[in-house]
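Student: predicted model and sequence below, questions to follow.
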Amino acid sequence: QVQLVDSGGGLVQAGDSLRLSCAVSGRTFMSYAVGWFRQTPGKEREFVAAISRSGGSTYYADSVKGRFTIARDNAKNTVYLQMNSLKPEDTAVYYCAASVRTVALPTMTSQKSFSSWGQGTQVTVSS
């Protein structure tokens, strides 16, 4: 069993930056690919980014490509989501998730690809 704790959300203005963190514990960290999703009220959870076990591969939703960067520190069992040039439409609850699947990252944009989830952290971007 793996546990995930995500943090780092907050209230910022458009154009600002935030860095979210996802601390993973319970099993070998490098056994998992990790993704970030986000959700707004009344909508389904939306894929944002994912990173492979080694950190050598990453994949992003088109809506965040060029603004967000996902990275992992395997020594600290932590995955980060650096969010730059934030927009009001980035406002959501952000969740990190872990997967033991070994398929290519572009095929892992569904929630069903991930078996363990963090509790979520709120990001609010004001205009």
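Tutor: Yep, that arrived. Numbers count the residues shown, from 1 in each chain.
Student: who's in contact with stretch 3-23?
Tutor: 24-26, 34, 36, 77-88, 93-98, 116-127 (CB atoms under 8 Å, 6 or more residues apart in numbering). Backbone N, C-alpha and C define where each C-beta goes, glycine included.
Student: next step: those residues restricted to helices.
Tutor: In helices, defined here by DSSP state H, there are no members of these.
Student: mind checking which of those are buried?
Tutor: Buried members of the contacts of stretch 3-23, scored by 16 or more other CB atoms under 10 Å, are 24, 34, 36, 77-81, 83, 86, 93-98, 116-118, 120-121, 123-125.
Student: could you pick out which of the contacts of stretch 3-23 are located in strands?
Tutor: Among those, DSSP state E puts 24-25, 34, 36, 78-83, 93-98, 116-117, 121-126 in strands.
Student: with adjacent residues omitted, what lies nearest to Met30?
Tutor: Arg53 (5.1 Å; CB to CB, 6 or more residues apart in numbering).
Student: how about Gln39?
Tutor: Using CB to CB, 6+ apart, the nearest residue to Gln39 is Arg45, at 4.4 Å.
Student: so who does the residue nearest to Met30 touch?
Tutor: Arg53 neighbours (CB under 8 Å, 6+ apart): Met30, Ser31, Tyr32, Ala33.
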